[in-house]
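>>> let's see this in three dimensions:
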Amino acid sequence: MAKRGYARPVNRGPDLLAGLNPAQRAAAEAVRGPVRILAGAGTGKTRTITHRIAHQVATGVARADQILAVTFTDRAAGELRSRLAGLGIGAPVRAATFHAAAWAQLRWFWPRVEGGPLPEVLPSKVRLLVRDARRAGAEAKDLAAEIEWAKARCLDPAGYARAAGGRTPPLAADVMAEIYERYEQAKTEANAIDYEDMLLRMTALLARPDVGEEVRDRYRFVTVDEFQDVNAAQWALLRGWLGDSDELCVVGDDDQTIFSFTGASSRYLVDFDRHFPPAQRVTLTENYRSTSEVLALANRVLWTKPAARRKQLESRVGSGPVPAFREYPDADDEVAGVVDAVKGLLADGVPPREVAVCYRTNNQSEPFEEALRGAGIPYVVRGDGGFFDLPEIRQALTALRTAARRGVPEGEPHPGGSVPARPPRADRRVERVLRDQLSWHPRKEPSGAAARERWRNLATLLEIATARTADDEALPFPALVDDLLARAAAGQEAPTDAGAVTLLTLHRAKGTEFDAVFLVAVEEGLLPISYAKTDAEVEEERRLLYVGVTRARRHLQLSWARTRPGWRGTVQSRRPSRLLYNLGPGAPRSAAAGQAGSPPAAGGRKGGQAAAVPAGADPAVAERLRAWRRERSQRDGVPAYVVFPDSTLHELAARRPATPRALRAVPGFGPTRAERYGDETLEVIAAAKDDPDVLA
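Okay, the predicted model is just below:
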């Protein structure tokens with residue numbers, strides 16, 4: 001498409017780009033699209049794109065009102081507008097989320113194109129799904145999430161039924177498709193749309209020549225932030241906005257792709273030049289957030305990524321403490337150790353607001369809440385509030401309070417009607433209430449993210465009750481309930497002027513930064529989470545760890561426990577996460593790095609534990625093989641096990657063959673695999689031996 005200027009140069013006085021580093025300046029000076037900016041964590045991506053937009057206006061390439069800047073949150077959109085206003089470019093640039101921009105356009109065109117009243121926007125899908133959820137014995141939130149999964153991929157009910165194979169939806173695919181169809185019918189009858197419809201309907205309108213031309217005449221330049229989080233529906237809308245134009249700038253970091261469960265895919269970022277050739281590419285690696293020691297660890301976390309695609313972050317803030325790896329005897333010791341370390345930082349002058357404790361799932365916050373409360377340290381739980389504020393926990397406490405006030409006998413009757421002389425322990429009564437009143441079963445973890453999260457939160461409540469009863473086995477049930485209610489009533493400490501320590505999940509940590517970060521319970525079954533089964537899912541868990549590491553400016557600690565509470569007061573043995581091996585001093589080390597024995601390998605798991613591997617197998621080599629196998633299977637369009645199964649992968653990691661003959665001696669690596677994959681497999685093993693990021 002021929003390039004055209006749309007505005008006159010504007011005199012902006014001092015050089016807008018004077019304070020940018022060379023890579024940032026190169027990105028800002030690339031004022032005509034298509035442009036892809038790969039921005040590592042803490043490298044100043046917002047600063048870069050705001051200066052690029054300001055430079056577009058200052059040089060006369062575009063008028064401010066011809067630019068559309070798209071973000072993923074209202075907060076990010078507000079920050080863009082604020083920064084652009086500070087750069088003095090005159091008229092405001094339109095900065096909005098995908099949904100906000102689409103809805104504004106839909107409202108504008110609706111009377112002309114559709115006629116009739118504007119549809120109502122559903123605040124939540126749950127209201128229309130409650131009946132189906134009850135009939136099916138599922139969580140309405142999970143049904144809503146499944147519909148959102150389909151719409152993010154532009155799938156109607158029929159398309160969902162065809163595409164759901166190979167997934168584990170909350171219900172059978174044909175049943176889910178019928179529920180999806182009924183949901184769409186109910187929505188139409190109510191003259192309502194949901195948030196995904198904003199994108200889908202506006203995309204459809206853009207296919208009309210009159211609508212598409214009007215939108216493209218208004219917004220001739222588009223910038224998209226956090227492009228690694230784009231899904232198929234957003235991509236389709238973006239292409240509709242652009243039409244045949246390539247005046248597009250995207251910025252993102254494929255290493256921070258952690259929301260694939262919403263439909264997000266980094267492929268649009270990684271393969272950008274295939275869609276918009278020849279795209280200019282700028283990579284930002286100068287980090288203005290973290291010390292060189294923190295970044296050295298962050299760079300090592302992603303060692304399974306092909307070397308040619310790695311972004312090596314470089315610190316511009318200097319040196320600091322070496323990140324600490326801590327193993328604790330049990331979960332209580334880990335909580336106590338972390339809180340003691342927090343106390344030490346606060347005593348050294350670190351403000352509470354600059355300290356964060358990050359974990360994988362919401363139910364992990366409770367012991368830290370209690371310990372911080374007991375230590376008199378103010379804290380806040382980012383996101384859904386504290387553990388006792390969760391809806392299912394509030395519901396459980398209400399049911400327990402009701403049961404405790406009934407005044408029923410402590411002993412439960414035998415089938416013959418007699419009452420045992422010795423009543424059941426109070427925690428068993430808690431379990432009975434959870435079973436009877438909340439349909440919770442201790443050994444039946446459900447499908448569906450919301451149902452699974454609810455199940456785990458209730459399991460944590462029972463663990464709290466069991467731990468309390470273990471201290472006093474004669475504790476009456478009403479007294480135990482009163483204890484739980486007192487914990488809930490204690491709530492969070494009110495933040496002081498100096499702020500409060502932040503507790504948050506790793507997913508919610510994205511976009512934040514702190515002077516000190518504690519990554520806790522970095523164990524098999526928690527990180528990677530037990531239901532991360534495929535290679536791609538495990539790699540997303542690795543990126544989640546990377547996000548956690550790169551939140552830290554100066555102080556960083558990663559910890560795990562050797563044991564954790566299990567079912568009914570049992571103690572479960574735990575292992576450090578495979579993602580920690582060989583990352584630095586104090587981290588678990590593999591056999592090839594000098595430690596004898598066979599630590600957990602990166603294979604399949606049962607019950608959240610690493611699969612057994614042959615003696616001498618090296619998890620670092622296994623991870624390199626796994627990463628290559630994933631890429632090769634994607635390249636060939638076949639499942640990963642076709643390249644070779646986990647059992648063969650483990651044997652390769654144990655034997656580490658260096659010749660074709662030795663390779664063919666590995667069980668499962670016959671002549672066909674040797675011919676097809678042999679050369680590359682040997683190269684991967686050799687590279688793993690030579691790569692310092694593998695064995696350091």
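>>> can you give me the domain boundaries for the protein?
If you go by automatic domain parsing, the domain ranges for the chain are 22-104+199-282, 125-190, 294-385+493-588, 390-410+423-467, 619-695.
>>> elements contacting the helix or strand where H507 lies?
Per DSSP states H and E, H507 falls inside helix 506-509. Helices and strands touching helix 506-509, as assessed by 3 or more C-beta pairs under 8 Å, 6 or more residues apart in numbering; DSSP states H and E, comprise strand 355-359, helix 535-549. The way it works is simple: take the backbone N, C-alpha and C, and place the C-beta from them, glycine included.
>>> mean confidence (pLDDT) on the host helix or strand of V215, please.
Secondary structure from DSSP H and E places V215 in helix 209-218. What helix 209-218 shows for mean pLDDT is 94.
>>> would you mark the buried spots in that helix?
The neighbour-count check on helix 209-218 (16 or more other C-beta atoms under 10 Å) flags V211, G212, V215, R216 as buried.
>>> can you list these in JSON lines and add distance to V251?
Shown next, in JSON lines, are the buried residues of helix 209-218 (distance: C-beta to C-beta, whole Å):
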{"residue": "V211", "distance to V251": "28"}
{"residue": "G212", "distance to V251": "25"}
{"residue": "V215", "distance to V251": "22"}
{"residue": "R216", "distance to V251": "22"}
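>>> tell me the one of the residues you listed nearest P476?
Ranked by distance to P476 (C-beta to C-beta), those are led by V215 at 67.9 Å.
>>> grab the longest helix from this protein for me.
In the chain, taking DSSP state H as the definition, the longest helix is helix 449-471.
>>> buried residues in it?
For helix 449-471, by 16+ other C-beta under 10 Å, it's 449-466, 468-469.
>>> could you list every helix and strand in contact with that helix?
Helix 449-471 packs on helix 140-152, helix 391-405, helix 426-438, helix 477-490, strand 563-565, going by 3+ C-beta pairs under 8 Å, 6+ apart.
>>> how does it look with 6 Å?
Under the contact criterion of 3 or more C-beta pairs under 6 Å, 6 or more residues apart in numbering; DSSP states H and E, helix 449-471 touches helix 140-152, helix 391-405, helix 426-438.
>>> pull the residues that contact the first one.
For helix 140-152, the external contacting residues (C-beta atoms under 6 Å, 6 or more residues apart in numbering) are 125-126, 129-130, 133, 160, 169-170, 176, 180, 196, 231, 233, 263, 448, 450-451.
>>> so which of these are in helices?
V126, L129, V130, A133, Y160, M176, Y180, E196, A233, A450, A451.
>>> just the buried members of those?
L129, A133, Y160, M176, Y180, E196, A233, A450, A451.
>>> now the residues you listed as JSON lines including distance to E537 and pLDDT?
Formatted as JSON lines, these follow (distance: C-beta to C-beta, whole Å; pLDDT from 0 to 100):
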{"residue": "L129", "distance to E537": "26", "pLDDT": "94"}
{"residue": "A133", "distance to E537": "26", "pLDDT": "91"}
{"residue": "Y160", "distance to E537": "21", "pLDDT": "90"}
{"residue": "M176", "distance to E537": "21", "pLDDT": "92"}
{"residue": "Y180", "distance to E537": "24", "pLDDT": "95"}
{"residue": "E196", "distance to E537": "24", "pLDDT": "93"}
{"residue": "A233", "distance to E537": "22", "pLDDT": "95"}
{"residue": "A450", "distance to E537": "18", "pLDDT": "73"}
{"residue": "A451", "distance to E537": "18", "pLDDT": "75"}
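>>> a markdown table please, covering these and showing distance to V35.
Rendered in a markdown table, the data for those read as follows (distance: C-beta to C-beta, whole Å):
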| residue | distance to V35 |
| --- | --- |
| L129 | 42 |
| A133 | 45 |
| Y160 | 35 |
| M176 | 40 |
| Y180 | 38 |
| E196 | 28 |
| A233 | 23 |
| A450 | 39 |
| A451 | 43 |
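>>> and the furthest pair within the residues you listed?
A233 and A451 (24.9 Å).
>>> avg pLDDT for stretch 554-565?
94.
>>> I figured A95 hits R81, correct?
Yes. Between A95 and R81 there is a contact under C-beta atoms under 6 Å: 4.9 Å.
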